[in-house]
Structure formats: C-alpha cells, structure tokens
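In: turn this into a model:
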Amino acid sequence: MKKIIFRADAKPSIGIGDLTSLINLSEYLHKDKWEIFFLIRNYKAGVDLAKKRGIQNLIIIDSDLSIENEIIYINNFIEDNQLDYIFFEITERKLSEYSNISKDIKKIAVNFDGDIFQDLDLVINWDIEAKNYYQIEDYPNTKFLLGSEYVILPKEFYTKSTKDRIFNNPPKQILIAMGGADEFDFTGKIIDIIIKNQLNIELNIIIGSGYEFRIQLEDRLSNSNFKYAIKQNIVNMLNEYLSCDIAIGAGGLTSSELVALHIPTILIATYKHQEARCRYFDKQGLVKYLGLRQLLEIDLLNALSNPIYPKNKNIFKTKVIIDEIEKI
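Out: Here you go, the predicted structure:
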C-alpha cells in the first residue's frame, strides 16, 4: 500500500479552498491502495473543515510552530511511518521554505507563485497565466501540469447528474457562495442589494468555516420578507450547485466548480490573484465578471436580469492529475 501525506491549512486570511482541494483530490485515491494522512496547523477553520469532511488520519500541529520545527516534525513523521509521497498546498509562506524535506520521499505541490524547489516530482498550477511563472528548463526532473484545466474538482462532479440541467429563467433560486472566509463580507453586500431592490428570488447562502459575519447576516435577513437559508461548512456542495438557477461566487475554487457544472454565474474577484481566472472565464462566455472587490448595484442587477448560460462542455482534467501521481 502506498502512503501519502497532504499538507495544507485553512483560516480566514487564506480561505479554505487550498485544504478543500487536497481533500477532494484524496478522495480519488483508492482506499485499498493508499493510506492517506493530513497534516494541518491548528487553525479553527482548517480543523473544523477536516473533521467535517471525516478525515481519518488527521495530524494537527501548533499554529505557531516555526517552519524549521515543522520540517523536523514532517521528516520524523515520514521516517516513522515510511511514507512514499508528500503533497503540499502552502499559500501563507513560500514553498521553497520546505526544500529540506527528506530526499527519500516523492514530492508534489500545488503552487501559484512560481517559488518552488528543485526536487519536486510534480507541480500543479491552475492559474490562467501559470506557464509564465516557471522556467521549466531549470527543473528537468519535474513534471508540470499548468493551466486552468488542471483545477482539482470533487470526484462527484464527473457524474451524469451534472449534465443537461434545466434552469428557470427568470431565476427562482440564487446561490451565494463567496468562499470559505469572505473576509470583506461580499455576502452581506450582495444581500443588501437584493433586499433593497426586493428581487423576487429565493436565497441559498453558503458560508464557510472562516466567515465571521453570520450574526450581522442573520440580522439583515430576519427583518426581510425573503425566503432564505444560511448554510455553513457544507460537506457536499454539489447538491447546492445543482439546486440553483444562478450563482454569485468569488474567483477562487468556487468559480471553477461553477464553471465545471455549467451554471449561470456572476463572479467577483476578492483577491488580485483571482482576476486573471475571472477575466478568462468571462472572455470565454462562461460567466459574468463584475471586477476586483467591486460590486456596483447596477452591474449586479443587470447580471441577474441577463444570465449567461454557458455551453455544456467539460474543460477540466482532474483525473489527469491522479494518473500523473501514480506514474511517479
């Protein structure tokens, strides 16, 4: 049996998409052939997500542990458990800081800034401009999967239930899913516009483990006449996606999931690195993009009144990632 450890974190300042994507990927690995471990720092958002998703071999380290001591811990864990693979998705610090990980293990990483180390076996980057981040010839022993098609999607996204959907027009239900943290509370800003304009639509509001404005959100909606649901820490987002007629999301992992399911979508980039992805999807006629941290009332109302219905075409290749892992 092969043994792999996934290393990622989740908290409000980095969101939960990184850890979520590795959990999604782990579910492609056959449990009879792989023993799977997760190592995360003790941030509440990450711990809550991992437990909600039922991670079995979960190792939690101190949130304040130095990078030097973390590497010592990882190397000892690799040796003690005879691990074969380590898979990183680190966004709070440079991946190159982990260059002292044991030479006796195969190394894979999701990386978005081009700062990597030499003995990586596989690098995945689903940024639209990923090919501009690396001098590939400098890494002759590394396989690169670069481009938007290599986003990590949940396994169930490839089932027949996601095909040939019929949407109500005008929309009857809107999904609002602004990411695991939504630290700028675009969820609340969207709700304010919908309430102000008394739109005749049912609200399905998804908030993540890092969302800190739930009380204010409840206050906004409790005095309105809208039919709504607020759901937190959803394990299976597929059902939420499949029940909506239109969605508003951020430019992170949520955007790719919505595009993969061909849902009429409105996107707001909440971080600068999301801009290229949002612009690309907009240019391809797959979404309506409103801008970077920009939510003008007139733009949102126009987008809701004129949904974009994308073509039913699969543009993502998550399964290729699994094939490449198994080739290493």
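In: please enumerate the helices of the protein.
Out: Ranges of helices in the chain, per DSSP state H, are 17-26, 44-52, 67-81, 186-196, 214-222, 237-243, 253-260, 275-283, 297-305, 318-327.
In: now these as a markdown table including mean pLDDT?
Out: Listed next are the helices of the chain as a markdown table, based on pLDDT from 0 to 100:
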| stretch | mean pLDDT |
| --- | --- |
| helix 17-26 | 91 |
| helix 44-52 | 90 |
| helix 67-81 | 97 |
| helix 186-196 | 96 |
| helix 214-222 | 93 |
| helix 237-243 | 91 |
| helix 253-260 | 90 |
| helix 275-283 | 93 |
| helix 297-305 | 96 |
| helix 318-327 | 93 |
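In: could you dump these to JSON lines with mean neighbour count and distance to residue 131?
Out: Yep, even glycine has a C-beta here, placed from its N, CA and C like the rest. What follows is those, written out as JSON lines (neighbours: other C-beta atoms under 10 Å; distance: least, C-beta to C-beta, whole Å):
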{"stretch": "helix 17-26", "mean neighbour count": "24", "distance to residue 131": "20"}
{"stretch": "helix 44-52", "mean neighbour count": "19", "distance to residue 131": "30"}
{"stretch": "helix 67-81", "mean neighbour count": "14", "distance to residue 131": "29"}
{"stretch": "helix 186-196", "mean neighbour count": "19", "distance to residue 131": "30"}
{"stretch": "helix 214-222", "mean neighbour count": "14", "distance to residue 131": "40"}
{"stretch": "helix 237-243", "mean neighbour count": "17", "distance to residue 131": "29"}
{"stretch": "helix 253-260", "mean neighbour count": "25", "distance to residue 131": "18"}
{"stretch": "helix 275-283", "mean neighbour count": "19", "distance to residue 131": "12"}
{"stretch": "helix 297-305", "mean neighbour count": "15", "distance to residue 131": "30"}
{"stretch": "helix 318-327", "mean neighbour count": "15", "distance to residue 131": "16"}
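In: now these in a markdown table, with distance to residue 140?
Out: Supplementary listing: the helices of the chain in a markdown table, determined by distance: least, C-beta to C-beta, whole Å:
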| stretch | distance to residue 140 |
| --- | --- |
| helix 17-26 | 25 |
| helix 44-52 | 35 |
| helix 67-81 | 24 |
| helix 186-196 | 43 |
| helix 214-222 | 50 |
| helix 237-243 | 39 |
| helix 253-260 | 30 |
| helix 275-283 | 28 |
| helix 297-305 | 46 |
| helix 318-327 | 16 |
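In: among the ones you listed, which is nearest residue 175?
Out: When those are compared by C-beta to C-beta, helix 237-243 sits nearest residue 175, at 6.1 Å.
In: which segments of the chain make up each domain?
Out: Described in terms of automatic domain parsing, the domain architecture of the chain consists of the residue ranges 2-153+317-327, 165-305.
In: test my guess that residue 245 contacts residue 168.
Out: Yes. Applying C-beta atoms under 8 Å as the test, residue 245 and residue 168 come out as touching, 4.6 Å apart.
In: neighbour count winner among those two?
Out: In this view residue 245 and residue 168 are compared by other C-beta atoms under 10 Å, and residue 245 has more residues nearby, 20 against 12.
In: need phi/psi at that one.
Out: Comment: the main-chain dihedrals of residue 245 come out as phi -100, psi -20, following degrees, to the nearest 10.
In: give the contact list for the closest residue to residue 313 other than its chain neighbours.
Out: By the measure of C-beta to C-beta, 6 or more residues apart in numbering, the closest residue to residue 313 outside its immediate chain neighbours is residue 262, 7.7 Å from it. Neighbouring residues of residue 262 by C-beta atoms under 8 Å, 6 or more residues apart in numbering: 162, 165, 309, 310, 311, 312, 313.
In: same check, this time on residue 233
Out: Neighbours of residue 233 in contact, by C-beta under 8 Å, 6+ apart: 48, 49, 52, 208, 209.
In: again, only this time at 10 Å
Out: Remark: with contacts taken as C-beta atoms under 10 Å, 6 or more residues apart in numbering, residue 233 is in contact with 16, 45, 48-49, 51-53, 180, 206-211.
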